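**Student:** Fold the stuff below for me.
(one chain, ligands or ions: 1)
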Amino acid sequence: MAGSAPVRVGFLGAGLIATYHSKMIRRSGLDVERAGVHDPDGARAAAFAAASGHRVCPGPDEVIETCDAVYICAWTSEHLPLARRAAAAGKAVFCEKPLATTLNGAEELAGIVAAAGVVNQVGLVLRHSPAFRVARALVADPAAGRVMAVVFRDDQFIPVQGHYGSTWRGDVARAGSGTLLEHSIHDVDMLEYLAGPVASVSARSAEFHAIAGIEDAVTASLGFAGGAIGTLASVWHDNLARPSLRRVEAFCERRHVVIDGDDWTGPVSWTDADATVGHLQGEALAEEAAGIDGLEANPDRAFLEAVAAGRSAHPDVSVALRAHRVVAAIYESAAGGGAAVGCAP
Ligand SMILES: NC(=O)c1ccc[n+]([C@@H]2O[C@H](COP(=O)([O-])OP(=O)(O)OC[C@H]3O[C@@H](n4cnc5c(N)ncnc54)[C@H](O)[C@@H]3O)[C@@H](O)[C@H]2O)c1
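**Tutor:** Sure, this is the predicted structure:
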């Protein structure tokens, strides 16, 4: 990027998450140049361009030529070929999660992007969530004692319906698999963020919707390297009243911490052994998080500021690759009927 000219931003994919990022860029107030957008669904590309000020390009290479930083927001199977093109052109990359449909693909993508030396960030946006940042600080506080156990539940209606209406999430070739990879890769990342590296897993999965290769219920029992244990339950049901809900409880020796309600704005509540209780939500939670680590809460602002400054962004492909490794261990265990599988970093 030359001098202090606005970062030129392009989009590959013009669906739900591209629209979210575009809005977050607008909300950031950053001075960016809206460059190209490509989506094989021409109507989607046109609607996105009309709403955001991007210009429609006939293919990915034309988008990549127009920009300094490119958002890869296509369905999952397209991330690797698109990232390969962007990295070859030396452009900064924001790649949505999951990186790829398989662990091998994720390794390849992470390797290509890292070798190209381009600024990169991934869509594991909960790393920027005030709720998780405050919960992590509460758990890491020496006054809490050691973390003993974490209970993580994530459920949403299967997103081939409702406002997602995305048929590709029911297609193993494009999605890779179901609720664990497509959705709960966030949760796996947050479990390690809260309680440290997972050393081994034992898991079960089910396919209630009978969509080949798309599991819709997963439970995993986790052993953390630090001695804690945990459980993850990830469910894609048909209850359209529950679009996406998480509840996380961390039990430390002398503190209990809960994230409930909204996984960004909280509330986060805690109870200590001396009966002290705390509760933070919304603005107060965001202020507390900023005081802890100074991290920018808007992931898109963080990425584009890193691009403008030519410094590394967070979380990058290495963070996503680690989450893919734990996800792969969970699938391996489930395929083996729950046998323990190691996944120490
Ligand atoms: N970080 C998050 O919280 C989060 C949330 C939602 C989706 N995602 C991820 O974002 C990706 C897209 O999901 P979505 O919900 O926006 O899906 P979507 O169906 O709304 O949009 C995907 C778009 O990609 C387009 N596309 C397909 N191949 C393409 C190509 N080669 N080049 C350009 N565009 C192409 C499709 O036509 C479609 O319009 C998925 O990998 C998904 O897992 C992440």
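**Student:** near the ligand, which residues of the stretch 101-250 of the chain?
**Tutor:** By Cβ under 6 Å from any ligand atom, the residues of the stretch 101-250 of the chain that approach the ligand are 123, 125, 166, 168, 182. (Glycine included, C-beta is placed from N, CA and C.)
**Student:** what's the distance between the third one and A135?
**Tutor:** S166 sits at a distance of 30 Å from A135 (criterion: Cβ to Cβ, to the nearest Å).
**Student:** sorry, back to before: farthest-separated two in the residues of the stretch 101-250 of the chain next to the ligand?
**Tutor:** Greatest spacing in these, by Cβ to Cβ: V125 and W168 (20.2 Å).
**Student:** show me where the stretch 51-200 of the chain has helices.
**Tutor:** Using DSSP state H, counting those that start in this stretch, the helices of the stretch 51-200 of the chain run over residues 60-66, 79-88, 103-116, 130-140, 172-175, 179-182, 185-195.
**Student:** Buried deepest among these, which one?
**Tutor:** Mean neighbour count, computed with mean count of other Cβ atoms under 10 Å, is highest for helix 179-182 among these, reaching a mean of 27.
**Student:** Quick one: mean pLDDT for that one?
**Tutor:** Average pLDDT, helix 179-182: 98.
**Student:** What residue in this structure comes nearest to the ligand?
**Tutor:** Going by Cβ to the nearest ligand atom, the ligand is nearest to G15 of the chain, at 1.9 Å.
**Student:** Would you format the residues of the stretch 101-250 of the chain next to the ligand as CSV with distance to F251 included?
**Tutor:** Output for those, formatted as CSV (distance: Cβ to Cβ, whole Å):
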residue, distance to F251
G123, 29
V125, 26
S166, 36
W168, 38
E182, 28
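**Student:** What residues of the longest helix seen in the chain count as buried?
**Tutor:** When the chain is parsed with DSSP state H, its longest helix is helix 317-335. If you call a residue buried by 16 or more other Cβ atoms under 10 Å, then helix 317-335 has these buried ones: 317, 319-334.
**Student:** try stretch 143-150
**Tutor:** Within stretch 143-150, the residues that count as buried by 16+ other Cβ under 10 Å are 144, 147, 150.
**Student:** contacting residues around the first one?
**Tutor:** What it means is A144. 138, 252-255, 257, 272 (Cβ atoms under 8 Å, 6 or more residues apart in numbering).
**Student:** Among the residues you listed, which are located in strands?
**Tutor:** Among the contacts of A144, DSSP state E puts 252, 255, 257, 272 in strands.
**Student:** Highest neighbour count among the residues you listed?
**Tutor:** Within the ones in strands among the contacts of A144, most neighbours by other Cβ atoms under 10 Å means V257, with 26 neighbours.
**Student:** still on that earlier bit, would you list the helices of the stretch 51-200 of the chain in a markdown table and tack on distance to A228?
**Tutor:** Below are the helices of the stretch 51-200 of the chain laid out as a markdown table (distance: least, Cβ to Cβ, whole Å):
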| stretch | distance to A228 |
| --- | --- |
| helix 60-66 | 43 |
| helix 79-88 | 32 |
| helix 103-116 | 24 |
| helix 130-140 | 10 |
| helix 172-175 | 31 |
| helix 179-182 | 20 |
| helix 185-195 | 5 |
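**Student:** nearest to L285, of the ones you listed?
**Tutor:** Among the helices of the stretch 51-200 of the chain, helix 130-140 sits nearest to L285 (Cβ to Cβ), with 4.7 Å.
**Student:** got the contact list for the closest one?
**Tutor:** Contacts for helix 130-140 (Cβ under 8 Å, 6+ apart): 126, 144, 147, 190, 193-195, 248, 250, 252, 255, 257, 259, 262-266, 268, 270, 278, 280, 285-286, 288-290, 292-293, 295, 297.
**Student:** ChimeraX command for the buried members of the residues you listed?
**Tutor:** Only the buried members of the contacts of helix 130-140 enter the following ChimeraX selection, criterion being 16+ other Cβ under 10 Å:
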select :126,144,147,190,193,194,195,248,250,252,255,257,259,262,263,264,265,266,268,270,280,285,286,288,289
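**Student:** Narrow the contacts of helix 130-140 to those in strands?
**Tutor:** Per DSSP E, these map to strands at 147, 248, 250, 252, 255, 257, 259, 262, 266, 268, 270, 278, 280.
**Student:** Spit out the contact partners of D316.
**Tutor:** Taking Cβ under 8 Å, 6+ apart as the definition, contacts of D316 comprise 120-122.
**Student:** out of those residues, who has the most neighbours?
**Tutor:** V122 (32 neighbours).
**Student:** Would you confirm that it contacts P98?
**Tutor:** No - V122 is beyond contact range of P98, at 9.1 Å (criterion: Cβ atoms under 8 Å).
**Student:** Between the two, which contacts overlap?
**Tutor:** A320.
**Student:** Relative to its centre, which residue of this protein is most distant?
**Tutor:** Distance from the C-alpha centroid of the chain peaks at D274, with 35.7 Å (Cα atoms, centre = their mean).
**Student:** Check that one and give its pLDDT.
**Tutor:** For D274, pLDDT reads 97.
**Student:** Check the one 4 residues further on too.
**Tutor:** Predicted confidence (pLDDT) at G278: the value is 98.
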